[in-house]
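Asker: Next one to model:
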Amino acid sequence: MFLRATIRKKDGKEHTYYSVVENKRLADGRVGDPPVKHQDPEIV
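Answerer: Numbering: from 1, shown residues only. You can find the predicted model right below:
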């Protein structure tokens with residue numbers, strides 16, 4: 001598991017959102033990393 005930061009511009013300001021993701025091997029052999037939990041920037 002690791003944190004993925006996503007930076008987004010909103011109303012002329014930059015906001016950083018965080019998601020906890022983990023790598024999972026899919027049935028077809030590819031590796032996907034679906035989010036486990038999303039964290040809003042106001043809470044951090």
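Asker: in the chain, which spans are strands?
Answerer: Counting by DSSP state E, the chain has strands at residues 2-10, 13-21, 24-25, 31-32, 35-39.
Asker: would you turn those strands into TSV with mean pLDDT?
Answerer: Below are the strands of the chain laid out as TSV (pLDDT from 0 to 100):
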stretch	mean pLDDT
strand 2-10	85
strand 13-21	85
strand 24-25	81
strand 31-32	76
strand 35-39	63
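Asker: Mean neighbour count for these - can I get that in CSV?
Answerer: Backbone N, C-alpha and C define where each C-beta goes, glycine included. Formatted as CSV, these follow (neighbours: other Cβ atoms under 10 Å):
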stretch, mean neighbour count
strand 2-10, 9
strand 13-21, 13
strand 24-25, 10
strand 31-32, 10
strand 35-39, 12
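Asker: From residue 13, how far off is the closest residue to residue 17 other than its chain neighbours?
Answerer: Sequence neighbours aside, residue 6 is the residue nearest to residue 17 in space, at 4.7 Å (criterion: Cβ to Cβ, 6 or more residues apart in numbering). Look at residue 6 and residue 13: by Cβ to Cβ, to the nearest Å, they are 15 Å apart.
Asker: Okay, and the beta partners of the residue nearest the centre of the chain?
Answerer: Compute the mean C-alpha point of the chain, and by Cα atoms, centre = their mean the closest residue is residue 19, 3.1 Å away. Using DSSP bridges, the bridge partners assigned to residue 19 are residue 4, residue 38.
Asker: picking that back up, mind checking how far the residue nearest to residue 17 is from residue 24?
Answerer: Counting by Cβ to Cβ, the gap from residue 6 to residue 24 is 19 Å.
Asker: can you check residue 7 too?
Answerer: 25 Å.
Asker: Check residue 14 too.
Answerer: Using Cβ to Cβ, residue 14 is found at 30 Å from residue 24.
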